[in-house]
Each structure stands twice: as structure tokens, then as C-alpha cells.
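1. Please find the sequence and the predicted model below.
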Amino acid sequence: MAEQSAGRGPAIICAGLAKTFGSGPAAVEAVAPLELTFGAGELTALVGPSGCGKSTVLRMVAGLEAPSAGAVTLDGAAPADLQGAGELAMAFQDASLLPWRSVRGNVALALKLARRPVDLAAVDAMIARVGLAGFEGARPAELSGGMRQRAAIARCLVTQPRVLLLDEPFGAVDELTRARLNADLPALWRAQGTTALLVTHSVREAVALADRIIVFSSRPAQVVADLPVPDAVSPDTADGRALMAQVTEALSQGWDDDAAAGRHAAQ
Ligand SMILES: Nc1ncnc2c1ncn2[C@@H]1O[C@H](COP(=O)(O)OP(=O)(O)O)[C@@H](O)[C@H]1O
Ligand SMILES: [Mg+2]
């Protein structure tokens, strides 16, 4: 593939980053002031209880949500600067493809939005790399959930972003497809030195993919564990199993039973 990469991903610094939704008695503190640096070119997994503020953190890093306090900087730049240049891409759980456009049309759109030349050969090459060769002309409704996720990932990667934000991207996919995606896709962004954040519910996925795992507490999100994942560690090694146990333990420590009970009662 043509090397038009803008280069290695930036370090991402969250300084006093906080978010409260609403005000007064109804205010929801989603993220308490966070001090976190995500390493350049690293993949950091974020795990934590449902509703603890993970997506809010990602949306602030993407520049889609304004912080209530503090700031996110990417090698000193604001999220909007990278977003505008097509250097930052985000994928959500619901693949959010445009239903009236083909796979090729959806992937090409990312280049258009980034004001890059639309090179259809590069678009098709990326579609092939996520395993969708032959489906370039298909509309999202004609694809399975796993295929839609892969199309969304192709759309993210086609601009060769320096920052990749994945919010439970494989959440809607069956275990087998998920395992295949996990085996195939990371090579696509690792080679480019992309800085990536991955929100996942799967401790196994975090250990398999990440260089580092951050465990958040119940809302408001605060760091309860910050664990490096050495290169040689995978979920099927003894070290990997020990690490998975450590993450699971940190998750249960950070779980606020009262808050969980309250949330449950409110549903
Ligand atoms: N736009 C919003 N308006 C009001 N509350 C929100 C909004 N987005 C998220 N929240 C609340 O903030 C908290 C954290 O949400 P979120 O970041 O989506 O959690 P997670 O991704 O960890 O499940 C939740 O209580 C959620 O209801
Ligand atoms: Mg979320």
C-alpha cells in the first residue's frame, strides 16, 4: 500500500480531565479529574463497569464532547486539529455506516471528509485487508454484523489515522468473528505506529491486544489499576492468565456496590 502515513501517533495527555453532565441536583459526574498519559504508538485498553465514563473519556479525546474541566492534548494539539485533518478516527459498537452507501462508498467517504484524494484502489485494498473483498458494492443491510464492523474498521483505517479510538468496536460480533478480527486487524494499525485507545468489556481481549490496561472504577471514572502488558504475554500463557486475574480483581475492587444497586433500582 502507498506510504502516505503522516507518521507515528502522538502521546495523548489528559490533564485534570473531567466531565459533569447537567447541573444542580440532577448533575451526573461521569469523569472525575483524570491525570493520564497514553503513550505514543501504544494501544491502551480501557476497562471498567458499565456507565463508569469510558465512552465519555473517548469522546473527549476525539473532541466530540467538551470537558467540564481540564483538557486533552495530542502532542500539544487539540483534538479538533487532528479531527479536521483526518488524523483521528473513531469506531463505535454500532458500526454507524451510512445505509444508502455501499461498503466502498462508506470507506471512500472517510477520505472525502478528510479532504484527501479518493483513491479507489487504496479503498478496495483496505476493504480486502479487513476480509471484505467481493463485497465492495454491498449495502450495509446486506452484510452480517461482523462484516459491518469490519467495514467500519476499514473506514477508520483508510485515512491512516495517527490516533484510533475504538469504543467496544467488536461488541456486537460473535466470539468467533471477534477472535478473527482480533487476530487480523491490529497488524494494520501497529505497523503505522498509531496511538490507539480500546474500550472493551473483554479482559481477554484487553490482554490479547493492549500494551497497557487501565481499569476504571464505577462512575465517576477514576483509575484503580494501571497495568503494563509485556510483549510476550498473551491470554494463553501463565503470565497472561495471572494478568487477566489481576484485571478482574481490580474491576471488582473498583465496583461500587451502592452505586450499582442504585443504578439497578433506577432502571
Ligand atoms: N450526553 C449525556 N447526557 C447526560 N448524561 C450522559 C451523557 N452521556 C453519558 N452520560 C452519563 O454519563 C455516565 C457515563 O457514561 P458513559 O461514558 O457512556 O459510560 P461507559 O461508556 O463507561 O458505559 C453515565 O451515567 C451516562 O448515563
Ligand atoms: Mg460506553
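-> Perfect, thanks for sending it. Residues are numbered from 1 along each chain as shown. Ligands and ions are numbered 1, 2, ... in the order given.

2. neighbours around residue 131, how many?
-> 17 (other C-beta atoms under 10 Å). No exception for glycine: its C-beta is placed from N, CA and C like everyone else's.

3. nope, residue 23 is what I meant
-> For residue 23, the count of nearby residues is 9 (other C-beta under 10 Å).

4. Then residue 99?
-> 9.

5. Doesn't it belong to a helix?
-> No: going by DSSP: H, G, I helix; E, B strand; the rest coil, the assignment for residue 99 is coil, not a helix.

6. That one reaches residue 140, doesn't it?
-> Yes: under the criterion of C-beta atoms under 8 Å, residue 99 makes contact with residue 140 at 5.3 Å.

7. mind listing the strands for the stretch 1-150 of the chain?
-> With strands called from DSSP state E, counting those that start in this stretch, the stretch 1-150 of the chain shows them at 12-21, 28-38, 43-47, 69-74, 88-91.

8. would TSV of these with mean pLDDT, distance to ligand 1 and mean neighbour count be doable?
-> Compiled in TSV, those are given as follows (pLDDT from 0 to 100; distance: least, C-beta to the nearest ligand atom, whole Å; neighbours: other C-beta atoms under 10 Å):
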stretch	mean pLDDT	distance to ligand 1	mean neighbour count
strand 12-21	97	3	18
strand 28-38	95	4	18
strand 43-47	96	8	24
strand 69-74	97	15	17
strand 88-91	88	13	24
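
9. Now stretch 155-174: buried residues?
-> With burial defined by 16 or more other C-beta atoms under 10 Å, the residues of stretch 155-174 counted as buried are 155-173.

10. Which members of the residues you listed are positioned in helices?
-> In helices, defined here by DSSP state H, the members of the buried residues of stretch 155-174 are 155, 156, 157.

11. what residues are up against the last one?
-> This means residue 157. 89, 126, 129, 130, 164, 188, 189 (C-beta atoms under 8 Å, 6 or more residues apart in numbering).

12. try it again with 10 Å
-> Residues in contact with residue 157, defined by C-beta atoms under 10 Å, 6 or more residues apart in numbering, are 89, 91, 107, 110, 126, 129-130, 164, 185, 188-189, 192, 194.
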